[in-house]
Every structure is written in C-alpha cells, then in structure tokens.
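Participant: quick one, structure for this:
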Amino acid sequence: MDYFVAYNILPQIPRLFADYIYHCPKVKHYYGGNCCLLDNSWEALYESLSSKGMARKEVAQVLQEQNKRWGAGQKAIDNIDLLEMSDTVAVLSGQQVGLLLNPLYTIYKALTAIKLAKELKDRFNWRVVPIFWMEAEDHDLLEVNSLNFINSQNRPIRLALEGPFGEGRRPVGELRLGEGIELLLGKLNSLMPDSEFKPELWRKIVSFYNTEETFSSSFARLMSHLFRRYGLVIVDPSDKRLKALAGPLFARVVDNLADFSDILAHRNQKLLQAGYPLQVNLPDLPRNACLFIKIEGEKYPLLKMDGGFSPRGREESYGREELLQLLEKSPWLFVPNVVLRPLYQDSLFPTIAYVAGPSEVAYFAQLQPLYPLFKLPMPVIFPRGSFTIVEKKVKGVLDRYGLDFNHLLSGREEVVKRVIHRFETDPQDDPFPTIQQQMGASLNRLRDHFQQTDPTLIGALEKSWKKISHQLNRLAGRYRQARIQKHRVILQQIEKVFNNLFPYNQLQERVTNPFYYLFRYGEGFLHLAYKEIDLHRFDHKIIYLG
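Facilitator: Take a look at the predicted model:
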C-alpha cells in the first residue's frame, strides 16, 4: 500500500512550493502561467520552443564529445542526435557534482527527468530528451566534498575528502580529487558491508574516482554508467564551446543590468508582500552583474562601479566596452551566478520542463520575469520525486512500537515518550508525586502547630523543608532516569529509526548517499525508485523495502 506524506507538514519546506503543488492557480502567475498540473502549459510551451531558433547542431556536437568521453550508453548518444532536430524538446534537471552522486535526491532528480521525458513522448508523440546539467562551476567545496552513510551500528557517518583545494574561489568541478580520494575510499570500503552487488559497483567507483580525476569528470562518468540504459544525457556547462554560444546572453545582461536588477527587485518585493520568503537573496543589487569573472582560475563576482565593472575584492576594473569585448573574445572566463544560470541553460536547450527540488521550485518564482527580457520561454517547473526509504530492519522497529512516519515528525523526544508510555506496566506508578504531596500536607500541619506554639520556629521549618525538598527532587530525577534506562533497548531502537530516516535531523534524501542502497540492492534500486515516481502526485512518498 502506498504511503504519502503531505509536504506542508515536512520540515524546511518553502510555503511557496507547497502552494505550487497544492494550490497552483493561486501562484501560477509567478511561473508565467505555466503549471505542472495544467495540461495546456505543455502544448503552448512546445509550440514556442519548436519555433525558437537555437544552435542545436553546435550544442549536440559538444554533447557527443562529452558523453562519449564519459562512457555514455548508446541510448544517450541517440538522444543527442535527436536534439539536432528542430521539433525535439528537453527535460532538464541538475545538481552539484557531489562525491559519489551525494545526496540521494541527485538520482531522484535524474530519474524524474527521465520518466517525465518518456511521459511527454508517449502522451504527445513528441521527441523528448532527458538531460542532466552538472553544476560544475559552483565554488562551494563544502557542498560536494563529503558523503554520508549509515554504519553497522546504525549511526550516520560523514566522510570528507581532504586536499589542498585552495581558498574556495575555484570552480569545484575542475578540482582534482588528489591523493585524499584513496584514503576516503579506503574508509568507505571498510565501512560498507559486503554484498553480492558491491564488488562490481566498487570496481567502477575506484575506476571513476582516482587521483587524476576531477569532481566533474568522476561525477559524469559515474552518472553515465549508472544511467547507461536510461538515455540520460549529461552536460558540463563549463565547456568553452558552450560558453561561446552564451556570450551574447551574458553581454545582454551587462547592457541591460539596470532593467535586469529592477525586474528582479520588483518580483522579490511582490513575493515578500505575498508572504513568501526569498530563496535567493542576491547581495549588492542593483550593482551585482550576476556574473563571476575568472582571474587566474579563481571566481570573483562582478560589480557595477562608477563608469565600469570591477571584481569584488580585486583592484582590476573594466569599462563597459572593455568588458563587452572581453565577453566576446573570451566568454569562458565568465560564470553565471544562481540567478543567471537557468537563463544560460535555457538559451542552450529547448527546455520544456525543469525538474526541481522544493527550494528550486520556489526560487524560479523570483526568476520568471527575467525570461521575457531575454526572449526565452520559461519551462514548466516540475517537482522531483521525493522519497524516504524504509528498510525491513527499520520497518520492524516501527511496527513493534506502533509507529508510522508521521509520528516521527514530532521528534525523538516525543516518540520516546510515546513508546515508553505504551510499554510501561503502569505509567502512572511514580511514587514521588504522592510522597511530595503527603510531605507537603505534613509541613502545613507542622506550620499550624508552630504558629500556635512558637512562630519563630517556622523559619527553621521552611529552611529544613527546602533542603529536604531539594534532595527529594534529586532522588526523583535519578529514579525516573533509571526507569527510562530500563528501556535502553527501546531508546536504541528509536535512535536507529531516526538515524536511518532523519540523519542529522534532516530528511534522508538530503543527506544519505545513494550508494548506501546501491551496495545493498544493486542497480535494481534505481529501477525501484523510477517505478515509484508518481508524475501526477507530488507528496513525499514512503518506500518500504523487503
């Protein structure tokens, strides 16, 4: 039986996202009138994409070279050929190049894009290609240099890649993994138990993740291998040839920065007035050019200064014409920021849908009014599949203690109270409240006697009672703690549940590495997740294994 949980009761879910999936007509104007739930969104968008002039052949040539280098399957190569045709559209998703595809929702995004592409192909008889955009030019190393597993004691373990990676200004995708990767993989190998699926997967991992590979190349090779039967096309947007195609887009931002900033600020204001917090807070508006410039391999945000532009924290400055000439001559020196990245993406591809997580869905509402400025149709923003995986060992604990996923949302302490209350022989059998009440009554009787006999003794009585009460409370605390410790097995079992389903107090899909499950269940785990994706229902789904 399917078990769904509404997003609006999950932690850290943007309200705008919840309104998008549950009350789409209320917010669809933030998305250009398009909505994943409205059928007419697809056909109108398809017509506008089919008539849009694009450098399809040039993009396809880059994709062919990239994907063949990464070992893509024949289905992906065939899909790249389809992209050259003027009536082919694409479903995109993307993610940063985390180690071993960390975290789980990386593969959920890819699988949702694949399934949505097939759905649109079958439903409308269109040519539709799934594409995965690697966020190779992000510079946040902490987002990609670690992975999280659950060890044999059912505790979450974080493994981080150490290395001389510099000050964090270089695009992470081009950083070499270095010798630290061998140490990390050694720890991972000892951490994960053997299984029938581990040896083959492990051979691939150590082949793709070695000292000479980069974050991007290892990520791309592993994605290409795992999705070789699905036709997923991978793209590295840092390629100089793709940047050359995007040069005019970047130049238009520079030329229209005032309009660009005003449009963005106006939309931000509208969202705030409607009670929706901003997902992207862009500093330095309206001076922020939404572009980074690479100097000696490091990224610096470009800011508009008096009479020109300057990289933040640097002495260099560029006049407007000088910057435009540099954009024309060397567009690969420029990196779009989080606001400009989707526009860069959709200038290269006929994107009919972008598969996004909750925060991404919310932040596209900020970007929508920028699309008309660049004469680009905005894709339908489609929520990715969202799951919590419950293995047999965890489900056994839930069943034993009469718990379900919703109970866990109240937190560890409440769940522990609930379970212990249920398993106590007599939860009310705590002698201390009665004893304290009886002693309080005795104190009052003594006070009455002292009042009649010698009122000066009342002070000494109160002082003595204070000491007795303090010691009694301490004793009560120790007694209650002992009762709880009597149920230490229950506590350990509850801890196991939370470590598996809410590691570090976050949803599992945001933390746990996919290979925790791939090592146990093989590539069949991908097929299982693919089957479980429901393109017509956007609640969080609980998947029970075994």
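Participant: could you chop the chain up by domain?
Facilitator: 3-142+217-240+349-390+513-544, 243-336, 392-510 (automatic domain parsing).
Participant: from one end of the first one to the other, what's the distance?
Facilitator: The stretch domain 3-142+217-240+349-390+513-544 measures 9 Å between its terminal residues, going by C-alpha to C-alpha, to the nearest Å.
Participant: quick check: mean pLDDT of it?
Facilitator: Average pLDDT, domain 3-142+217-240+349-390+513-544: 95.
Participant: ok, then the element right after whichever strand or helix holds K270?
Facilitator: According to DSSP states H and E, K270 maps onto helix 257-273. For helix 257-273, the following helix or strand on the C-terminal side (DSSP H and E) is strand 288-295.
Participant: now do that following strand: distance to the chain's middle.
Facilitator: Mean C-alpha position of strand 288-295 versus that of the full chain (C-alpha atoms, centre = their mean, to the nearest Å) differs by 25 Å.
Participant: so what secondary structure elements neighbour it?
Facilitator: helix 240-255, helix 257-273, strand 298-305, strand 308-311, strand 334-336 (3 or more C-beta pairs under 8 Å, 6 or more residues apart in numbering; DSSP states H and E). Heads up, the C-betas are built off the backbone N, CA and C, glycines and all.
Participant: give me the pLDDT for the residue sitting furthest away from the middle of the chain.
Facilitator: The outermost residue of the chain relative to its centre, with distances by C-alpha atoms, centre = their mean, is T453 at 74.0 Å. You'll see T453 listed with a pLDDT of 83.
Participant: pull the contacting residues for it.
Facilitator: Residues counted as contacts of T453 (C-beta atoms under 8 Å, 6 or more residues apart in numbering): none.
Participant: that one and I13, how far apart?
Facilitator: Distance of T453 to I13, given as C-beta to C-beta, to the nearest Å: 67 Å.
Participant: now E360
Facilitator: 12 Å.
Participant: go on, P301?
Facilitator: 29 Å.
Participant: next one: K240
Facilitator: The value you get for K240 to I13, if C-beta to C-beta is used, is 39 Å.
Participant: and the two? Which one has more around it.
Facilitator: Comparing K240 with I13 by other C-beta atoms under 10 Å, the one with more neighbours is I13, at 18 against 11.
Participant: surely the more buried one is in a helix?
Facilitator: No. Counting by DSSP: H, G, I helix; E, B strand; the rest coil, I13 is not part of a helix but coil.
Participant: so what's it up against?
Facilitator: Applying C-beta under 8 Å, 6+ apart, the residues near I13 are Y7, P358.
Participant: go with 10 Å
Facilitator: A6, Y7, P358, S359, A362, S386, L507, H540 (C-beta atoms under 10 Å, 6 or more residues apart in numbering).
Participant: most neighbours, which of those residues?
Facilitator: A362 (27 neighbours).
Participant: elements contacting the helix or strand harbouring that residue?
Facilitator: Assigned by DSSP H and E, A362 falls within helix 358-367. Helices and strands touching helix 358-367, by 3 or more C-beta pairs under 10 Å, 6 or more residues apart in numbering; DSSP states H and E, are helix 15-22, strand 88-96, helix 257-273, helix 341-348, strand 351-356, strand 380-383.
Participant: now the angle from that helix to strand 88-96?
Facilitator: In terms of direction (axes from the mean of the first three to the mean of the last three C-alpha atoms, to 10 degrees), helix 358-367 departs from strand 88-96 by 120 degrees.
Participant: give me the distance from helix 358-367 to the chain's centre.
Facilitator: 13 Å.
Participant: that helix: which residues count as buried?
Facilitator: Buried residues in helix 358-367, counting neighbours by 16 or more other C-beta atoms under 10 Å, are found at P358, E360, V361, A362, Y363, F364, A365, Q366, L367.
Participant: which residues in the stretch 401-546 of the chain form helices?
Facilitator: 405-408, 412-423, 431-453, 457-485, 488-501, 515-521, 524-532 (DSSP state H, counting those that start in this stretch).
Participant: tell me what the longest one is packed against?
Facilitator: Taking 3+ C-beta pairs under 10 Å, 6+ apart as the contact definition, the neighbouring helices and strands of helix 457-485 are helix 412-423, helix 431-453, helix 488-501.
Participant: closest one to G396 among the ones you listed?
Facilitator: helix 488-501 (9.1 Å; C-beta to C-beta).
Participant: which among the helices of the stretch 401-546 of the chain is found nearest to A55?
Facilitator: Comparing the helices of the stretch 401-546 of the chain under C-beta to C-beta, the one sitting nearest is helix 524-532, at 31.7 Å.
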